[in-house]
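Participant: Structure of the sequence below:
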Amino acid sequence: MEPSRWGIIYCPKDGVRHVHKEWEAIRSYLTEKGVLYDFVQSEGPDSVERLAGMLASNGYTTVIIVGGDAALNRALNGVLSLGEGVRRSIALGVVPNGWGNDFAHFWGIEEGNYKQAIDCLIKHRTRKVDVGYCVSEQAGDVSPRYFLNCVNVGLVANIMNIKHKTQRFWGMLTLSHLSSMFLLLFQRMEHRMHFKVNQDEINKSVMTVCVGSAHGYGQTPSGVPYNGLLDVSVVSHPKMSQMMEALWMLFQRRFLNHKAVKSYRTKEVKFFDNGKAMVSLDGAIWEKASVPMKIGIHQEWINFIIPG
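Facilitator: I've put the predicted structure just below:
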């Protein structure tokens with residue numbers, strides 16, 4: 001196999017019609033640019049991890065995800081499941097194509113501009129980026145799940161879960177947003193959590209916790225994925241008026257200034273109890289999450305293709 005040949009995983013957006021036209025436009029530009037590649041199309045979220053592992057096992061050293069954060073997360077886990085040798089030799093890249101593309105946005109890669117993304121990938125400028133990990137230590141289970149952007153515990157993970165499900169059901173983006181907002185009214189807004197960050201041991205009702213290696217969908221806006229550190233934001237349950245203020249500050253990138261938010265910077269977070277809250281990694285729900293749980297970081301652990 002030619003060392004320059006890409007292995008591409010195409011992940012169609014949930015509920016979007018004309019996915020073949022979308023891929024044809026990308027394929028046509030790849031051909032125009034003379035890119036050597038082979039591609040596979042995901043058959044749903046659960047297939048991405050398997051497909052990424054298959055490509056890496058078959059000698060592809062450049063694996064490109066055409067998809068969102070959750071797809072990139074599953075591909076990361078598929079590649080890292082193959083061991084140290086593959087981790088060192090492989091480079092991951094992304095063409096943003098999902099509903100959430102926060103890690104791509106960190107690097108200035110725009111959703112909807114596949115030509116910009118492909119031009120960036122062709123230059124093949126790589127940087128070693130941090131990889132976060134979560135380990136549920138219950139019953140001796142030490143198999144980690146990895147992430148690039150963030151881990152959410154609590155309400156934000158619930159919102160992401162609702163959004164994924166409604167997109168698959170409704171298809172249309174507007175209907176998905178409306179149904180998500182309606183279903184959110186029935187969600188549990190806070191959980192009694194017990195966890196430790198640095199020397200602080202927190203044991204109280206919490207609405208949501210974000211542990212970010214990067215911007216964490218605006219909740220860890222100072223995070224950078226190459227300093228070997230995790231940014232943490234803890235949101236206590238605010239009043240409704242404060243929630244509206246917090247949302248506005250989130251969009252203004254002033255989230256950490258809200259009085260209901262407490263922030264930290266650390267290398268490790270230990271959860272002793274998460275109040276049965278949902279856990280998501282890069283927007284992908286971790287169904288097998290359990291406590292006690294440790295969240296940590298490997299500094300500069302995998303090659304990622306960034307704009308040159």
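Participant: Per-residue pLDDT of Ala260, please?
Facilitator: According to the per-residue confidence, Ala260 scores 76 in pLDDT.
Participant: Settle this for me: it is touching Val235, isn't it.
Facilitator: Yes: with contacts counted by Cβ atoms under 8 Å, Ala260 reaches Val235, the gap being 5.7 Å. Every C-beta, even on glycine, is put in place using the N, C-alpha and C of the backbone.
Participant: what's the burial count for Ser89?
Facilitator: The tally of other residues near Ser89 (other Cβ atoms under 10 Å) stands at 11.
Participant: Now do it against Gly7, distance only.
Facilitator: If you measure Ser89 against Gly7 using Cβ to Cβ, to the nearest Å, the figure is 13 Å.
Participant: likewise Phe106?
Facilitator: With distances defined as Cβ to Cβ, the gap from Phe106 to Gly7 amounts to 23 Å.
Participant: more neighbours, the two?
Facilitator: The residue with more neighbours, out of Phe106 and Gly7, is Gly7; 22 against 19, by other Cβ under 10 Å.
Participant: So that one belongs to a strand, correct?
Facilitator: Yes: the assignment for Gly7 by DSSP: H, G, I helix; E, B strand; the rest coil puts it in a strand.
Participant: bridging residues for it?
Facilitator: Gly7 has these beta-bridge partners by DSSP bridges: Asp38, Val63.
Participant: now Ala284
Facilitator: Leu281.
Participant: Do me a favour and average the pLDDT over the helix or strand hosting Ile159.
Facilitator: With elements delineated by DSSP states H and E, Ile159 resides in helix 155-170, which encompasses its position. Average pLDDT, helix 155-170: 65.
Participant: repeat for stretch 207-226
Facilitator: Averaging the model's pLDDT scores along stretch 207-226 yields 94.
Participant: got the end-to-end distance for it?
Facilitator: Distance across stretch 207-226, first residue to last, is 28 Å (Cα to Cα, to the nearest Å).
Participant: How far off centre is it?
Facilitator: Using Cα atoms, centre = their mean, to the nearest Å, the distance from the centre of stretch 207-226 to the centre of the chain it belongs to is 11 Å.
Participant: Which of the residues in the helix or strand hosting Arg87 are classified as buried?
Facilitator: With elements delineated by DSSP H and E, Arg87 resides in helix 84-89, which encompasses its position. Residues 86-87 are the ones in helix 84-89 that count as buried (16 or more other Cβ atoms under 10 Å).
Participant: Can you give the contact residues for the helix or strand just after that helix?
Facilitator: On the C-terminal side of helix 84-89, the nearest following helix or strand under DSSP H and E is strand 91-96. The set of residues that contact strand 91-96 without belonging to it, under Cβ atoms under 8 Å, 6 or more residues apart in numbering, is 26, 61-68, 72, 75-76, 79, 101, 103-105, 109-112, 114, 117-118, 120-121, 124, 126, 302-305.
Participant: pLDDT of stretch 284-296, averaged?
Facilitator: Averaging the model's pLDDT scores along stretch 284-296 yields 93.
Participant: Tell me which residues of it come out buried.
Facilitator: The neighbour-count check on stretch 284-296 (16+ other Cβ under 10 Å) flags 284-286, 289, 291, 293-296 as buried.
Participant: Of the contacts of strand 91-96, which belong to strands?
Facilitator: Counted as lying in strands by DSSP state E, out of the contacts of strand 91-96, are 62-67, 126, 302-305.
Participant: In JSON lines: those residues, plus distance to Glu268 and pLDDT.
Facilitator: Converted to JSON lines, the ones in strands among the contacts of strand 91-96 look like this (distance: Cβ to Cβ, whole Å; pLDDT from 0 to 100):
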{"residue": "Thr62", "distance to Glu268": "32", "pLDDT": "98"}
{"residue": "Val63", "distance to Glu268": "29", "pLDDT": "98"}
{"residue": "Ile64", "distance to Glu268": "32", "pLDDT": "98"}
{"residue": "Ile65", "distance to Glu268": "28", "pLDDT": "98"}
{"residue": "Val66", "distance to Glu268": "33", "pLDDT": "97"}
{"residue": "Gly67", "distance to Glu268": "29", "pLDDT": "95"}
{"residue": "Thr126", "distance to Glu268": "27", "pLDDT": "98"}
{"residue": "Ile302", "distance to Glu268": "19", "pLDDT": "98"}
{"residue": "Asn303", "distance to Glu268": "24", "pLDDT": "98"}
{"residue": "Phe304", "distance to Glu268": "23", "pLDDT": "98"}
{"residue": "Ile305", "distance to Glu268": "28", "pLDDT": "98"}
